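Trainee: quick one, fold the following:
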Amino acid sequence: MSKVLQIKVKPQSRVSELTQVGDGTWLALLKALPQDGLANKELISLVAKHYGCRKADVSIKSGASSRMKLVQVDGVD
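Mentor: Residues are numbered from 1 along each chain as shown. Okay, here's the model as predicted:
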């Protein structure tokens, strides 16, 4: 089973956290800079930690270079 999340990313934040917004989307605050894929790597780690799965089970399906991303998490309901 897999799950697709719509996540709005805010890089260069003071904290690193993932929270669900009232409309069903997610907000990811990331400490990393939005360059060289650093923010995307941190996002994948954050989502994997939240769902208790491996980083290999998390992938960015669309929006790799934008603030709005579709992230797929395999192995969760």
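Trainee: all contacts plus neighbour counts: C-alpha atoms, from now on.
Mentor: Fine.
Trainee: report the central residue of the chain.
Mentor: Central residue of the chain (CA atoms, centre = their mean): Leu43, 3.9 Å from the mean position.
Trainee: how many neighbours does Ser59 have?
Mentor: 20 (other CA atoms under 10 Å).
Trainee: follow-up on the earlier one: helix, strand or coil for the residue nearest to the centre of the chain?
Mentor: helix (DSSP: H, G, I helix; E, B strand; the rest coil).
Trainee: separation between Gln72 and Ile7?
Mentor: 10 Å (CA to CA, to the nearest Å).
Trainee: again, but for Leu27
Mentor: 6 Å.
Trainee: who's more crowded, the two?
Mentor: More neighbours surround Ile7 than the other of Leu27 and Ile7, with 22 against 17 (other CA under 10 Å).
Trainee: so the more buried one is in which element?
Mentor: According to DSSP states H and E, Ile7 maps onto strand 2-10.
Trainee: can you give me the helices for this structure?
Mentor: Secondary structure of the chain, counting by DSSP state H: helices at 38-51.
Trainee: picking that back up, so which elements touch the strand holding Ile7?
Mentor: Packing partners of strand 2-10 (3 or more CA pairs under 8 Å, 6 or more residues apart in numbering; DSSP states H and E): strand 26-29, strand 68-74.
Trainee: is it true that Arg14 touches Lys31?
Mentor: Yes: assessed by CA atoms under 8 Å, Arg14 is found in contact with Lys31 at 6.0 Å.
Trainee: quick one on the thing from earlier: can I get the helices and strands packed on strand 2-10 in CSV including mean pLDDT and distance to Ala39?
Mentor: Output for the helices and strands packed on strand 2-10, formatted as CSV (pLDDT from 0 to 100; distance: least, CA to CA, whole Å):
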stretch, mean pLDDT, distance to Ala39
strand 26-29, 98, 10
strand 68-74, 97, 12
